[in-house]
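Peer 1: Sequence and computational prediction follow.
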Amino acid sequence: MIFISTGCLKGKNSRFTKDIFDVLETYAKLGIDNIELGACHEHPRNLQKLFDYRMRRNARFIIHTHFPAANPPIMMNFASQNDRLLKKTIAVAKNAVELSNMIDSEVYGIHGGFLTDFNTDLHALSEKTTREKAFKTLQHSIGEVCDSASKYGIKIAVENMHEGDSLLFNKIEDFRELFKRVSAKNLYVLLD
């Protein structure tokens, strides 16, 4: 099954269309009903509109990363060495798992983590950590999210990333290491 991300539409004044409901309106006109709710939108004020849309269109949703967006927005990092950001990342993910359950989504896709914390403009906020420290943190944080999702039968899919010296999961070895450390039956790979 192919899902189209809500992050595909350029905004009028920004890289992405910020209002999720503007995107859904466009997708409805195009007959697109398998939709990945992306991470690039403002926090929707009324999730009931999302449930109503789903029922009216018989749409299928999956969630990607931090949808609905945290308020204020953050750049989630499951490998963060900053306890506050890591706790916020896990909380946002668990919220997304709960929403996934409410919309009958079988998959929640995430960016696995970074060696550096970033702000939402992708500027580094911290020094780079080592891969070993990052994977020790990932083992706990992604494991915790997998545990939370398993009670609903939801799969956690870690997305591959593009090249970059602060990015994880841009090499097959990172996935091998993750699956060696996290033995959750609901842990998968999201190929983008």
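Peer 2: Alright, I've got the coordinates.

Peer 1: okay, CA-based contacts and neighbour counts for the rest of this
Peer 2: OK.

Peer 1: Which residues are in contact with the spatially most central residue of the chain?
Peer 2: For the chain, residue 65 is the residue whose C-alpha lies nearest the centre (CA atoms, centre = their mean; 1.0 Å). Taking CA atoms under 8 Å, 6 or more residues apart in numbering, we find residue 65 in contact with 38, 39, 76, 93, 96, 108, 109, 110, 111.

Peer 1: Would you mind listing where this structure has pLDDT under the threshold?
Peer 2: 11, 13-16 (pLDDT under 70).

Peer 1: Need the outlier residue of it, farthest from its centre.
Peer 2: Outermost residue of the chain (CA atoms, centre = their mean): residue 29, 25.8 Å.

Peer 1: Would you mind naming the helix or strand containing it?
Peer 2: Taking DSSP states H and E as the definition, one finds residue 29 inside helix 20-30.

Peer 1: what kind of secondary structure is residue 35 in?
Peer 2: In three-state terms, and counting by DSSP: H, G, I helix; E, B strand; the rest coil, residue 35 is strand.

Peer 1: Hmm, it is touching residue 5, no?
Peer 2: Yes. At 5.8 Å, residue 35 counts as touching residue 5 under the criterion of CA atoms under 8 Å.

Peer 1: Roughly how far does the residue farthest from the centre of the chain sit from residue 85?
Peer 2: Distance of residue 29 to residue 85, given as CA to CA, to the nearest Å: 38 Å.

Peer 1: do residue 53 as well
Peer 2: 32 Å.

Peer 1: One more: residue 17?
Peer 2: Taking CA to CA, one finds residue 17 at 26 Å from residue 85.
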